[in-house]
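K.L.:
need a 3D model of the following:
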Amino acid sequence: MKPLSISTLTICGIDELPAQSSRTVTHVLSILDPNWPELEAFQAYGTHHRTTLNFHDIINAEEGKILPEPEHVSEILKFGKSLAESKVEGAEGHLLIHCHMGISRSTAAMLSLLAQTYPDEPETRLFERLREIRPQAWPNSLMIKYADDLLDRKGKLVDELRRHYSWQIKREPNYLEWMARIGRSREIEMAA
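P.N.:
All right, here's what the predicted structure looks like:
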């Protein structure tokens, strides 16, 4: 697969979108809760290609909520493939991936695209890249499992996710309480 024709990678939350409008964003992947209204922040952006996916940031089925599915991650990977196929020599782009807070769904999407783009790169390095882009990353474990399967990483992305969670808990112990409060205790238990 060709490398992304993107020189700048950004992850953020909805409240950070206005600050990105002056940065010449060329591609946006929005991951929002279903039925979320159109975001006004993009009216201030220049011309860009935007793809929106709608599902909740959960890892267990909940009544009335849409669980991330393999099809959602497949759509993310199709988005990445289209970026690689649209590469124009010498062109530089700026990919912005956002979800509501820029911590879970968006970081899982970025990691999926990095793993797709760099198939021979060790998982340790992929997570290092992710932390360079978004230090507070706590990727949705269900999305990472689907990416691992779709990219035939043989469980290595999930194994490295465990180490990442452990690293993140040491960096920011508040994640323990926060993840438990939002129903993500299983991810805390995953931490190696």
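K.L.:
can we go C-alpha only for contacts and neighbour counts from here?
P.N.:
OK.
K.L.:
the residue lying closest to residue 140 once chain neighbours are set aside: what's it in contact with?
P.N.:
In space, and not counting its chain neighbours, residue 140 is closest to residue 104: 5.0 Å by CA to CA, 6 or more residues apart in numbering. Contact partners of residue 104, counting by CA atoms under 8 Å, 6 or more residues apart in numbering, are 57, 137, 138, 139, 140.
K.L.:
mind doing that once more with 7 Å?
P.N.:
137, 138, 139, 140 (CA atoms under 7 Å, 6 or more residues apart in numbering).
K.L.:
pick out whichever of the residues you listed sits closest to residue 173.
P.N.:
Distance to residue 173 across the contacts of residue 104 (CA to CA) is lowest for residue 138, with 12.6 Å.
K.L.:
that closest one touches residue 103, doesn't it?
P.N.:
Yes - counting by CA atoms under 7 Å, residue 138 sits close enough to residue 103 to count as a contact (5.5 Å).
K.L.:
so which of these two has more stuff around it?
P.N.:
residue 138 (24 against 20; other CA atoms under 10 Å).
K.L.:
secondary structure element holding that one?
P.N.:
Take DSSP states H and E as the rule and residue 138 turns out to sit in neither a helix nor a strand.
K.L.:
that one and residue 58, how far apart?
P.N.:
The span separating residue 138 from residue 58 equals 12 Å under the rule CA to CA, to the nearest Å.
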